[in-house]
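**Q** A predicted structure for the sequence below; I have some questions about it.
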Amino acid sequence: MTLNYRSLPSKLPNPDAQGVIVALHGWGANCDDLISLAPMVGLANYQWICPEAPFNHPMPNGKMWYDLQSLDIEGLAKSCELLSQFLEDLPAMTGLPLEKTFLLGFSQGGAMTLDVGLVFPLAGLIALSGYLHITEEELQELSDRAFPPILIAHGTEDTVVPIGVARNTREVFERLGVNVEYEEYEMSHEIRPETCDRIQEFILQHQNKL
């Protein structure tokens, strides 16, 4: 099994791309969901690639990385394995190294970003309304390696993934000495234009360090 995906521009490799943004959708969405962020983030010289979660969701055309309504350890493990393989294969698809690739995710996709992205030499991780699967003890076991820079953005009015989850995630990373940038917005479980502006700022800041 491999992950389906959608890319913008559609042709790969894209000789005009300066970097890559891999965007992971949330629970019940699909690979079309986050393509709409591309013009809002506004980095025309970046290749967007949106993988699709492997499991069917009850919503029409919906997909999920694992079943949120049960403790789906096997589904989570399978999705982590498939996403890891997707990232390993990505440079051959894009012609660009992982060091020029940002991994972004919303909600359940944000959790997958933090779960899988920490062990890859990525330019940065962006978790929007996300959360941590990994315990602090598990993160400590990985902390001998250099984690990518991380941006966490979350809404203070989020009733799906409460703001306290984001604050705890920030504190966990800070205790481990990880480079975390953190933003709160007066919004619910969503992505707003000001969040997209902050994503652009984060990517431009860290692409210049490559």
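**A** Sure thing, it's come through.

**Q** chain center to the worst-scoring helix or strand of the chain on mean pLDDT: distance?
**A** The weakest-scoring helix or strand in the chain, judged by mean pLDDT, DSSP states H and E, is helix 136-142 (a mean of 86). Relative to the chain's own centre, helix 136-142 is displaced by 20 Å; criterion: CA atoms, centre = their mean, to the nearest Å.

**Q** Contacts for that helix, please.
**A** 118, 119, 172, 173, 175, 176 (CB atoms under 8 Å, 6 or more residues apart in numbering). (Each C-beta comes from the backbone N, C-alpha and C, glycine too.)

**Q** Correct me if wrong: the last one contacts residue 143.
**A** Yes. Because the distance of 5.2 Å satisfies CB atoms under 8 Å, residue 176 is recorded as touching residue 143.

**Q** Just give the nearest non-adjacent residue to residue 122, would you?
**A** In space, and not counting its chain neighbours, residue 122 is closest to residue 148: 4.5 Å by CB to CB, 6 or more residues apart in numbering.

**Q** And the helices in this protein?
**A** Listed in chain order, the helices of the chain (DSSP state H) span residues 37-41, 73-94, 108-117, 136-142, 163-175, 193-207.

**Q** coming back round to it: with respect to residue 69, which of the contacts of helix 136-142 is nearest?
**A** residue 172 (25.3 Å; CB to CB).

**Q** Give me the buried subset of the contacts of helix 136-142.
**A** A residue is treated as buried here by neighbour count (16 or more other CB atoms under 10 Å); on that basis the buried members of the contacts of helix 136-142 are 118, 172, 173.

**Q** ok, the first one touching residue 132?
**A** No. Taking CB under 8 Å as the contact criterion, residue 118 and residue 132 are not neighbours in contact, 10.1 Å apart.

**Q** Point out where the protein drops to low pLDDT.
**A** Filtered on pLDDT under 70, the chain yields the residue ranges 1, 71, 208-210.

**Q** give me that answer again for 80
**A** Across the chain, residues meeting the criterion (pLDDT under 80) sit at 1, 69-72, 143-145, 208-210.

**Q** and the contacts of helix 136-142, which two are the farthest apart?
**A** Distances among the contacts of helix 136-142 were taken as CB to CB; the most separated pair is 119 and 175, at 19.0 Å.

**Q** returning to what we had before: redo the buried ones among the contacts of helix 136-142 as CSV? Include distance to residue 98.
**A** Formatted as CSV, the entries for those read as follows, by distance: CB to CB, whole Å:
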residue, distance to residue 98
118, 13
172, 24
173, 20
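
**Q** tell me which of those is nearest to residue 203?
**A** residue 118 (18.0 Å).

**Q** Please give me every residue in contact with the nearest residue in space to that closest one that is not next to it in sequence.
**A** Counting by CB to CB, 6+ apart, residue 118 lies nearest to residue 147, which is 5.3 Å off, once chain neighbours are set aside. Taking CB under 8 Å, 6+ apart as the contact definition, residue 147 lies against 118, 173, 178, 179.

**Q** tell me the two of the residues you listed that are most distant?
**A** Using CB to CB, the contacts of residue 147 span at most 12.0 Å, a distance reached by 118 and 179.
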